[in-house]
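>>> Sequence and predicted model, in that order:
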Amino acid sequence: MSPPALLQRLFAGALVIFTIAPANCLAASGDPAKHWTADNGNGTYSNPLFYGEFEDPDPLRMGDDYYLAGTTMHMNPAVELLHSKDLVNWELASYCTDRLDLGPAYRLENGNIYGRGIWAPCLRYHKGVFYIFSNVNGAALQVFRSKSPYGPWEHTQLPGRHDLSVLFDDDLGKIFLISGNRSPYPIDELAPDLNSFATNAAHHLVVPPGQHMGEGHHLYKVNGKYYDLSAIPGGTVNQVVACADSIDGPWTVTTMVDGESLGVTVATPSRAQANDRGLWLHQGGMCDTPSGQWWSIIMSDHGSAGRMVSLVPITWDNGFPLIGLPGNLRRAPNTWIKPNTGYTQAPTPAYVPDDDFNSGKLNPHWQWNHVPDDSKWSLTEKPGVLRLHSLPAADFFNARNSLCQRPPGPESVMTVELDTSGLITGDTAGLALLSVPYAWIGVVKSAEGIMLERVDGAPPRRRGGQGSDNNPTPVTGPTNPPTHLWLRVACNFDTDEAVFSWSADGKEFTALGNPFKTTFQLTTFQGVRPALFNFNTSGQPGGYADFDNYTVDEPRARGIERTIPAGKTITLTSGADGSLLAADAQSNLLINLAAEGSAGPNTRFQVVDLGLGRVALKTANGRFVSADGEKVSLKDLGAAKPGEPESFQWINLMRGDTALMSLVNHRYLATKPNTPGPVTATALGPTPARKGGECFKWKAVD
């Protein structure tokens, strides 16, 4: 993105106005077959909503439009706002500011703000104005406002409040702000102009004895009642919701989502154990549709790829908004019917990361690591390339003007061309994964010559510090490598490994060093970020490096993991014990048989397409698998078409696993591992290790 014009900056805490080029004007088009989209193209969607990091989501409906704000931490531009018409397909609308500059550490000039910066934004709309409230730890509460979600955004500051949420209560003519991470939770009132807190307006949310709440607040008023959603801190934790008739309580608390991992495991599949609790949905907001449906967009951890968000339905039960469907409340389907928003859209990727640097503007999905020095990068000095002039830094972790993106999951391959002819002594330029520890592959120019190197960096000595305990032993490649070469990093987020490689022709790549172990950690508080960089270790500015044709391949954006074998005859094998589903003619039940000697005609099922990602399973003798509550039998329908008991939502999980959800009770077909016998519709959802008997692998047969 070209440097926006700074129109006005007054003294600290006063009004600051930024103009940012509308991101929707810059976004590249993308082929949904090449880039992840949650939209399956058949009226359903599959989570995650974006197969890339998006933290602390706060959704908002305004008329027929939906908006979503998310955390950007130390990255710039800051405070990301997305737009959608159907809650499934999203596009970047704008950033609230091109630079979050609150002191030298924000510029990597004296320390750093890794893991700090913008956290947990609250998105609201009131009387023609969009507002985003977001606290900056150690600084202040940032208040952004605009009459358009595409900007420009005005910016003011208030005293800090942790993980806050704001409610414009038109019934009372007041503006409430809840914050904090322990009971009693303070509820402040804001002045009408939002430039100060009202005085003598003390309210609190007091948690009843025996109940508990967390942080990451989302405060709403629905049908005259107050609701506050909050997340218990941690990974295997839940989200809760508190309800009251008055802002002053008394409040009642219940669990909103309980132990839902969507099958995402803490460990890799090969290391996952049967009791793996996975990483749970927690911390997110909710909104309704004009049709009266309610939905939540809520995050969960996804290993070194970072935190991702899921779209899940809400069912109101006894006055509480609970995630889930009737019969299976507080759990969430990984695949479900798209929301009824009255709008139909073809699948469209939200994030198309490629950039050939020819447009004169950066792809708006790029973000700088900390506030950039705009005098040290250019798209015009040599049109068609990104030129990064080096700035002094001890190592990559402290290098300013590193340009970053999210890496798509579950696998992605990032490649960039690099011209090093402009480097001078002390320069190091290349392609990195920003994390703790970090890793990079690049070209180093020293007094001894030019070398291609691969370096794994150690963690910093302290959070927010300047240096790092960093005496890396580089893996060296060829001396005097070509001045024009290609660098690549291939990430697999199922195994949390990355392989760095290089090429002299852009076709044949050679790996350099062992696979790098990627991690999610709390120093940067983000997943790994691919980064283009150039820094100089001499203590002075150096030369320049030219980057071109940044491409990202997503080999698993589509394929078998998004396929329903409609019309095919298949077998279904349990991931728990290798047993096969079978039609038992004697008991007229669906059963599972031990794998040995069980591949007969009774293990074959024809997949009948019922639309909306739903299927019926027809046995070899013409009967249909039918769920009546928890019992699963075989039914002869004669000339009748399959009904609700015979309908199952086909749910593709990543890594080739499949689950079948009954439309009768919204639970899943399940076997009892290592115990051949009747199949039931009792499973609450896929277990992270895929060992609970509810996950299957299908295979087409003749």
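Cool, the structure landed.
>>> May I have the beta-bridge partners of the residue nearest to the spatial centre of the chain?
The centroid of the chain falls nearest to M308 when counting by C-alpha atoms, centre = their mean (2.2 Å). Counting by DSSP bridges, M308 is bridged to S300.
>>> who's in contact with it?
P48, L49, F50, Y51, G52, E53, F54, M299, S300, H302, G409 (C-beta atoms under 8 Å, 6 or more residues apart in numbering). In short, each C-beta sits where N, CA and C put it, glycine included.
>>> hang on, the third one packs against E91?
No: under the criterion of C-beta atoms under 8 Å, F50 is not in contact with E91, lying 11.4 Å apart.
>>> and the residue of the chain most remote from its centre, what does it touch?
The centre of the chain is farthest from one residue, Q586, which by C-alpha atoms, centre = their mean lies 48.1 Å away. Contacts for Q586 were tallied using C-beta under 8 Å, 6+ apart; there are none.
>>> so how far is N602 from it?
10 Å (C-beta to C-beta, to the nearest Å).
>>> swap in P673?
Taking C-beta to C-beta, one finds P673 at 21 Å from N602.
>>> now swap in V143 and tell me
Going from V143 to N602 by C-beta to C-beta gives 65 Å.
>>> Settle it for me: which of the two has more neighbours?
V143 (21 against 18; other C-beta atoms under 10 Å).
>>> For the helix or strand containing the more buried one, buried residues please.
V143 is part of strand 141-146, with elements assigned from DSSP states H and E. Neighbour counts over strand 141-146 (16 or more other C-beta atoms under 10 Å) mark L141, Q142, V143, F144, R145, S146 as buried.
>>> same for it, what does it pack against?
For strand 141-146, the packing partners by 3 or more C-beta pairs under 8 Å, 6 or more residues apart in numbering; DSSP states H and E come out as strand 90-97, strand 129-136, strand 153-158.
>>> Which one of the ones you listed lies nearest to E453?
strand 90-97 (34.0 Å; C-beta to C-beta).
>>> Partner strands of that closest one, with direction?
Using DSSP bridges, strand 90-97 pairs in its sheet with strand 78-84 (antiparallel).
>>> Between Q586 and N602, which contacts overlap?
With C-beta under 8 Å, 6+ apart, Q586 and N602 have no common neighbours.
>>> those strands in the stretch 201-350 of the chain, which residues are they?
203-205, 215-222, 225-231, 239-244, 252-257, 284-288, 294-301, 307-317, 320-325, 328-329, 335-337 (DSSP state E, counting those that start in this stretch).
>>> which ones among the contacts of M308 are found in strands?
Among the contacts of M308, the ones falling in strands (DSSP state E) are M299, S300.
>>> Could you find the closest non-adjacent residue to F357?
Leaving aside its chain neighbours, F357 sits nearest to L386 (4.8 Å; criterion: C-beta to C-beta, 6 or more residues apart in numbering).
>>> per-residue pLDDT, R116?
For R116, the pLDDT comes out at 93.
>>> What count of nearby residues applies to it?
R116 has 21 neighbouring residues, counting by other C-beta under 10 Å.
>>> and it, what does it touch?
R116 neighbours (C-beta under 8 Å, 6+ apart): M73, H74, V136, N137, G138, G464.
>>> Perfect, I'm done here.
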